[in-house]
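Enquirer: Sequence first, predicted coordinates after that:
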Amino acid sequence: MFPVIRGASYVLIHAPHLLVSNGTTQTMEKKKNPESTYLKKLPEYLRPFEEVTAYPPNQVYIGNFEAGFLEKTPRPWYQNQVKDANRFGPYGEIMPEDEFFGIMKNVDSFDLVHLEDAFAQSTHRKLTSHPLFDGHDLSKILKTTEKDAIDRMIEQDNAEPLIFAGATVGCIKRAHAQDENLSAHIMAENLAAKASALIAVKHLFKNLDVAPDSIDYIIEASEEACGDMNQRGGGNFAKAIGESAGCIQATGADTRAFCAGPAHAIIQAAALVKAGVFKRVVVTGGGAVSKLGMNGKEHAAKGIPILEDVLGAFAVLISEDDGVHPVIRTDLVGRHRIGSGSSPQAVIQAIVTDPLDAAGLKIQDVDKYSVEMQNPEITEPAGAGDVPKANYKMIGALAVKRGEMERKDLDAFVREHGMPGFAPTQGHVPSGVPFIGQSVDMIMAGQLSRVMIIGKGSLFLARMTNQFDGISFIMETNQNRAQEPDQVSSDFIKKALAEVLRDFAQKLLESEEES
């Protein structure tokens with residue numbers, strides 16, 4: 001019996017101000033060339049919330065359309081908006097920046113986020129009617145700060161300004177006077193990661209009707225690092241997010257592996273559940289502020305909107321086999337070994353064909369591959385090409401080399417076993433995980449039977465090694481679900497009965513203790 005994936009949630013945060021003030025491309029440009037023409041013209045290329053919501057890849061990301069919808073939508077997608085687009089979808093939502101600032105304030109445990117009164121009142125009203133926060137304690141948002149005091153913190157103490165609709169509505173101050181790891185800039189990044197992951201986790205619980213206190217463990221897998229001067233990446237985002245989400249019975253830790261982090265984290269979660277250490281594990285990743293507008297200069301130079309204007313976040317729930325949901329084949333994990341080599345063929349062999357060979361499967365036996373799902377409208381203007389399509393062609397080419405299909409069938413393979421990229425370039429977010437939610441639904445509906453999720457990472461960016469990284473896992477139809485009720489495996493029945501008896505015994509003991 002294997003662990004199952006119960007479902008996934010996906011959230012986008014429209015963050016044009018954070019793009020301008022905190023995106024690495026923009027902050028580096030300010031230092032290097034403060035009178036830059038790009039910076040002066042930058043506001044002209046920022047999209048309003050309505051366009052961001054109606055952008056087809058964003059609608060796919062939150063589940064209002066399947067990935068195949070993009071194949072039928074003419075490009076450029078930013079000129080072919082979805083009519084009557086909904087900010088909410090089956091998996092999550094696209095949140096405007098003012099509401100997000102309110103959430104950042106509400107999850108702030110150290111009085112670092114300051115909002116002026118009129119903005120705070122407006123944001124509080126919006127969030128009290130939000131389906132995730134209706135009835136929740138949002139009182140922190142109403143602890144406001146005078147505008148003069150906010151201006152002084154920005155001018156004298158290097159606080160990060162929070163700007164909405166062209167006006168300064170608050171700031172994020174530093175957490176320590178000398179520690180660069182607790183500077184206002186870093187605190188803005190970390191609070192944004194925490195807040196965006198929280199929204200994704202809360203959508204996950206709402207969508208799956210799961211009680212927060214039923215979660216045993218949380219793994220956070222973004223690309224941020226929280227700590228101080230003595231332990232720069234000490235963590236722990238996971239417990240901070242769990243605390244805000246009401247997961248009072250959970251503990252947790254962070255996993256970091258650049259873009260491949262989420263895939264590593266899901267495999268870790270599956271292993272913990274398979275071993276019986278925990279029953280329910282949430283894997284989540286918040287947004288990366290630094291990557292907002294990462295390719296902005298190239299977009300602006302070509303006269304297109306800056307499409308990297310959203311923070312991406314996700315959450316996935318892994319639990320014990322329930323006989324219903326898709327399983328994670330923990331016996332078929334692909335991994336790029338230290339000795340694998342970094343050529344494209346070596347990478348694909350290690351993370352794709354090695355696990356398939358172990359199961360006696362061919363490349364075409366996987367219905368869909370979810371690779372590096374970056375939106376090509378973001379990467380192509382920057383010269384990186386269509387990243388998902390390049391991955392699918394490499395997988396298909398290896399199938400040709402192995403004699404599993406003809407070269408003439410390569411384009412058909414890409415269409416049938418791949419999909420257009422629809423995820424924001426948030427590093428860890430595109431790397432395999434955006435398709436998990438759709439995979440669960442499509443496997444449950446009988447449209448797919450086997451999906452491979454692939455995470456890749458560029459470890460050399462940390463200057464510690466020149467190694468590449470890659471890891472994969474397979475999602476499959478739950479075989480217990482495929483059988484008739486009277487054919488369910490005896491192991492599954494025994495396990496379910498043991499759980500019932502264990503729960504009954506626990507309640508009996510509690511009753512005796514009370515009496």
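Expert: Done, it's in. Numbering: from 1, shown residues only.

Enquirer: how far does stretch 336-346 stretch from start to finish?
Expert: End-to-end distance for stretch 336-346, by Cα to Cα, to the nearest Å: 8 Å.

Enquirer: So which bits of it are buried?
Expert: Neighbour-count burial for stretch 336-346 flags 336, 340, 346 (criterion: 16 or more other Cβ atoms under 10 Å). Just so you know, the C-beta spots here come from the backbone N, C-alpha and C atoms, and that holds for glycine as well.

Enquirer: Which parts of the chain are strands?
Expert: Assigned by DSSP state E, the strands in the chain fall at 4-14, 92-95, 113-115, 160-164, 167-172, 217-220, 251-254, 280-285, 310-319, 327-328, 334-335, 368-370, 450-457, 469-476.

Enquirer: Dump these to JSON lines, plus mean neighbour count, mean pLDDT and distance to S183.
Expert: Shown next, in JSON lines, are the strands of the chain (neighbours: other Cβ atoms under 10 Å; pLDDT from 0 to 100; distance: least, Cβ to Cβ, whole Å):
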{"stretch": "strand 4-14", "mean neighbour count": "27", "mean pLDDT": "98", "distance to S183": "22"}
{"stretch": "strand 92-95", "mean neighbour count": "26", "mean pLDDT": "98", "distance to S183": "26"}
{"stretch": "strand 113-115", "mean neighbour count": "27", "mean pLDDT": "98", "distance to S183": "15"}
{"stretch": "strand 160-164", "mean neighbour count": "22", "mean pLDDT": "97", "distance to S183": "9"}
{"stretch": "strand 167-172", "mean neighbour count": "22", "mean pLDDT": "98", "distance to S183": "10"}
{"stretch": "strand 217-220", "mean neighbour count": "28", "mean pLDDT": "98", "distance to S183": "21"}
{"stretch": "strand 251-254", "mean neighbour count": "20", "mean pLDDT": "98", "distance to S183": "20"}
{"stretch": "strand 280-285", "mean neighbour count": "29", "mean pLDDT": "98", "distance to S183": "23"}
{"stretch": "strand 310-319", "mean neighbour count": "29", "mean pLDDT": "98", "distance to S183": "20"}
{"stretch": "strand 327-328", "mean neighbour count": "24", "mean pLDDT": "98", "distance to S183": "39"}
{"stretch": "strand 334-335", "mean neighbour count": "22", "mean pLDDT": "96", "distance to S183": "37"}
{"stretch": "strand 368-370", "mean neighbour count": "24", "mean pLDDT": "98", "distance to S183": "36"}
{"stretch": "strand 450-457", "mean neighbour count": "26", "mean pLDDT": "96", "distance to S183": "26"}
{"stretch": "strand 469-476", "mean neighbour count": "25", "mean pLDDT": "97", "distance to S183": "29"}
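
Enquirer: can I get those strands in CSV with distance to R407?
Expert: Below are the strands of the chain laid out as CSV (distance: least, Cβ to Cβ, whole Å):
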stretch, distance to R407
strand 4-14, 35
strand 92-95, 40
strand 113-115, 57
strand 160-164, 54
strand 167-172, 55
strand 217-220, 41
strand 251-254, 44
strand 280-285, 38
strand 310-319, 36
strand 327-328, 33
strand 334-335, 24
strand 368-370, 19
strand 450-457, 22
strand 469-476, 24
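
Enquirer: Minimum distance to P131: which of those has it?
Expert: Of all the strands of the chain, it is strand 92-95 that lies closest to P131, at 8.7 Å by Cβ to Cβ.

Enquirer: From the contact counts, what lies against that closest one?
Expert: For strand 92-95, the contact count by 3 or more Cβ pairs under 8 Å, 6 or more residues apart in numbering; DSSP states H and E identifies strand 4-14, helix 49-54, helix 184-208 as packing neighbours.

Enquirer: Which of the buried residues of stretch 336-346 sits closest to E377?
Expert: Nearest to E377 among the buried residues of stretch 336-346 is H336, at 28.5 Å by Cβ to Cβ.

Enquirer: my guess is the closest one meets L459, correct?
Expert: No. With contacts counted by Cβ atoms under 8 Å, H336 stays clear of L459, the gap being 9.8 Å.

Enquirer: what's the overlap in contacts for those two?
Expert: The contact sets of H336 and L459 overlap at 468-469 (Cβ atoms under 8 Å, 6 or more residues apart in numbering).

Enquirer: tell me the helices in the stretch 251-400 of the chain, going along the chain?
Expert: For the stretch 251-400 of the chain, the helices defined by DSSP state H, counting those that start in this stretch occupy 261-274, 296-301, 344-348, 354-358, 376-379, 387-401.

Enquirer: Can you get me a residue count around the nearest residue to K202 once chain neighbours are set aside?
Expert: Closest residue in space to K202, ignoring its immediate chain neighbours: L132 at 4.7 Å, by Cβ to Cβ, 6 or more residues apart in numbering. Using other Cβ atoms under 10 Å, L132 is surrounded by 17 other residues.

Enquirer: residue contacts, L132?
Expert: By Cβ under 8 Å, 6+ apart, the contact set of L132 is 199, 202-203, 206.

Enquirer: Specify which member of those residues is nearest to H124.
Expert: Distances from H124 to these, taken by Cβ to Cβ, are shortest for I199, at 16.3 Å.

Enquirer: what pLDDT does that closest one get?
Expert: I199 carries a pLDDT value of 98.

Enquirer: measure it to R280 for me?
Expert: Here I199 is placed at a distance of 20 Å from R280 (Cβ to Cβ, to the nearest Å).

Enquirer: cool, and S244?
Expert: Separation of S244 from R280 (Cβ to Cβ) stands at 18 Å.

Enquirer: Same check on Q438?
Expert: Distance of Q438 to R280, computed by Cβ to Cβ: 22 Å.

Enquirer: And D321, by the same measure?
Expert: Relative to R280, and taking Cβ to Cβ, D321 is found at 12 Å.

Enquirer: again with S458
Expert: Distance, S458 to R280, by Cβ to Cβ: 32 Å.

Enquirer: same question, K40
Expert: Distance, K40 to R280, using Cβ to Cβ: 51 Å.

Enquirer: Could you do G170 as well?
Expert: For G170, the distance to R280 equals 36 Å [Cβ to Cβ].

Enquirer: Kindly report the same for T144.
Expert: The gap separating T144 from R280 is 38 Å, by Cβ to Cβ.

Enquirer: Could you do K32 as well?
Expert: According to Cβ to Cβ, K32 stands 48 Å off from R280.

Enquirer: ditto for G323
Expert: Distance, G323 to R280, using Cβ to Cβ: 16 Å.
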